[in-house]
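Visitor: have a look at this fold, sequence not included:
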């Protein structure tokens, strides 16, 4: 099932890069990530544990590795997160250097979450969208991705895993106008669509 979800995300990303940028990715039959309840719970718990040590407010993501270790956060979680953040920041810098994104300090759009009984819509401004695309391009884990998204602590764990399954190309395409993105998920994490704001 993971291969099917990965293939679908890759296909959507390729389509989004080929079609004109004013079109948006949509699906009529969203598939939730193929994770069991224990895996989803672990993502949620680790994201909560690591979130206080991550600052994603600037152009780049900062991680206070020393403070996390001092406070007793699991060493392997700190190492994974540190590597994810380093790789994500490298991707952000590469995108800036290659003029694929605008300066991150001028953010278009809003951040927010509309969570109700039938779906979840997540709004990310252009800066957070660029950070998400960088994290996805860098291959960051669901825990790190969940920790850098504003308000993610209130999301169902399936949605956190669903965010990690989106292709970076789809995020970049939806944010092409530096307006930010909005993503609609089922409560179990299946992606309905991703659009610009």
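Guide: Okay, I see it. Given the structure is predicted, the values throughout are model-derived calculations rather than measurements. Numbers count the residues shown, from 1 in each chain.
Visitor: in this protein, where is pLDDT below threshold?
Guide: Counting by pLDDT under 70, the low-confidence segments of the chain come to 1-35, 99-105.
Visitor: which residue ranges of it form helices?
Guide: Shown for the chain, the helices assigned by DSSP state H span residues 2-18, 37-50, 65-70, 75-97, 126-137, 142-148, 157-164, 168-174.
Visitor: for the second one, packing partners?
Guide: Going back to what we said before, that points to helix 37-50. Applying 3 or more Cβ pairs under 8 Å, 6 or more residues apart in numbering; DSSP states H and E, we find helix 37-50 packed against helix 75-97, helix 142-148, helix 157-164. To be clear about C-beta, it is placed using only N, CA and C from the backbone, and glycine gets the same treatment.
Visitor: give me the number of residues near residue 43?
Guide: 24 (other Cβ atoms under 10 Å).
Visitor: so who does it touch?
Guide: 35, 142-143, 146, 157, 160-161 (Cβ atoms under 8 Å, 6 or more residues apart in numbering).
Visitor: I'd say residue 186 and residue 121 touch.
Guide: No. Applying Cβ atoms under 8 Å, one finds residue 186 not in contact with residue 121, separated by 11.2 Å.
Visitor: so which bits of stretch 169-187 are buried?
Guide: For stretch 169-187, burial by neighbour count (16 or more other Cβ atoms under 10 Å) applies to 169-176, 178-187.
Visitor: stretch 72-86 now?
Guide: 73, 77-78, 80-85.
Visitor: ok, now which ones touch residue 49?
Guide: 73-74, 77.
Visitor: which ones are touching the residue nearest to residue 150 when sequence neighbours are not counted?
Guide: Nearest residue to residue 150, sequence neighbours excluded (Cβ to Cβ, 6 or more residues apart in numbering): residue 111, at 4.5 Å. By Cβ under 8 Å, 6+ apart, residue 111 lies in contact with 123-125, 128, 150-151, 180.
Visitor: ok, residue 147 next?
Guide: Contacts for residue 147 (Cβ under 8 Å, 6+ apart) come out as 47, 50-51, 54, 81.
Visitor: and the two most separated of the contacts of residue 111?
Guide: Maximum pairwise distance among these (Cβ to Cβ): 14.2 Å, between 151 and 180.
Visitor: so who does residue 44 touch?
Guide: By Cβ under 8 Å, 6+ apart, the neighbours of residue 44 are 146, 157, 160.
Visitor: just want the most central residue of this structure.
Guide: residue 132 (4.1 Å; Cα atoms, centre = their mean).
Visitor: tell me how far that one lies from residue 84.
Guide: Here residue 132 is placed at a distance of 12 Å from residue 84 (Cβ to Cβ, to the nearest Å).
Visitor: could you do residue 40 as well?
Guide: Counting by Cβ to Cβ, the gap from residue 40 to residue 84 is 18 Å.
Visitor: what do you get for residue 53?
Guide: Residue 53 sits 13 Å away from residue 84, going by Cβ to Cβ.
Visitor: residue 78 versus residue 122, what's the distance?
Guide: Distance of residue 122 to residue 78, given as Cβ to Cβ: 26 Å.
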